[in-house]
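Participant: What follows is a predicted structure for the sequence shown.
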Amino acid sequence: EDAILPSLYQAQCVLAQVTYAVAAAEALLEFEHRDLHWGNVLLQATDEKYISITIDEEEYELPTAGVIAKLIDFTLSKVNGPNGTALAYDLEHDPAIFDGQGDRQFDVYRAMRVAVDQDWDRTALCTNTLWLDYLADKLLTAKTYKSRAKREAKAKQALQAFQEEASSWDSAQSGVVWLQQA
C-alpha cells in the first residue's frame, strides 16, 4: 500500500509478476489467494533484470524493473490437496468482511462470495482474477508516478487493457495467456 513505484512501467512489471505467480500456484494446487489486496504484495528491490517463473513445466522470463513482487498472508487462501481435498478458510465465519466500505477490496470479498456461492471449499479460480483486476485498478488510480519516460504512456495503456480484460478471465492462467499475446 505504501510502496513507492517510480514508474508505470515498474507497476506493469509488478502486476505481471503477481499474475504469473498466482497462475503457477493455480496450476499446482488450484490455488486461490482470496485476499490479494495491495497490502499483501511486498516489493523487494533487486539488481536482477529478470526473474523466472515456471507454470506447467514451461519457464517464463519476466522483467523486474528493479523490484520483485512477493505475495504474503495466505490466511484466507484455498488450495486443493493431493487427494483433491479442499483446504480453505470459510469466510462465512467472518461476516463483517462482507460489510466493509470505503475501499474496492470489500467489493471483491462480496464478489468472491457470489463466485463460490457461499461454499468456500468450492474451486473458483476467477476469485484470483477479481483480485488482479483490483490490483490493476489500484496501480492506475491510487499511485502517483514520477517518471516521464516515453515508455510510460505505453505502460499505462497496458495496465488499462489488463484491467479491462481481467474481469473476463476464468483464472490467472488466462491472464498469463493474455499477457503472452498482448
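Facilitator: That came through fine. Residues are numbered from 1 along each chain as shown.

Participant: Residue 43 - that's part of a strand, no?
Facilitator: Yes. Assessed by DSSP: H, G, I helix; E, B strand; the rest coil, residue 43 belongs to a strand.

Participant: What pLDDT is listed against it?
Facilitator: pLDDT recorded at residue 43 is 96.

Participant: Would you mind measuring from it to residue 68?
Facilitator: Relative to residue 68, residue 43 is positioned 7 Å away (C-beta to C-beta, to the nearest Å). The C-beta positions use only the backbone N, C-alpha and C, and glycine is treated the same way.

Participant: same question, residue 61
Facilitator: Relative to residue 68, residue 61 is positioned 13 Å away (C-beta to C-beta).

Participant: Likewise for residue 151?
Facilitator: Remark: distance between residue 151 and residue 68 (C-beta to C-beta) = 20 Å.

Participant: where in the chain is pLDDT low?
Facilitator: 1-2 (pLDDT under 70).

Participant: quick one, helices of it?
Facilitator: Applying DSSP state H to the chain gives helices spanning 8-29, 104-115, 126-141, 151-166, 172-181.

Participant: could you dump these to TSV with distance to residue 72 and mean neighbour count?
Facilitator: Output for the helices of the chain, formatted as TSV (distance: least, C-beta to C-beta, whole Å; neighbours: other C-beta atoms under 10 Å):
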stretch	distance to residue 72	mean neighbour count
helix 8-29	12	22
helix 104-115	15	17
helix 126-141	13	22
helix 151-166	21	17
helix 172-181	17	18
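
Participant: quick one: which of those is nearest residue 85?
Facilitator: Minimum separation from residue 85 across the helices of the chain (C-beta to C-beta) falls at helix 8-29, 11.3 Å.

Participant: packing partners for that closest one?
Facilitator: Judged by 3 or more C-beta pairs under 8 Å, 6 or more residues apart in numbering; DSSP states H and E, the packing partners of helix 8-29 are strand 41-45, strand 50-55, strand 58-63, strand 67-71, strand 78-80, helix 126-141, helix 151-166, helix 172-181.

Participant: Let's see that with 7 Å instead.
Facilitator: Counting contacts by 3 or more C-beta pairs under 7 Å, 6 or more residues apart in numbering; DSSP states H and E, helix 8-29 is packed against strand 50-55, strand 58-63, strand 67-71, helix 126-141, helix 151-166, helix 172-181.
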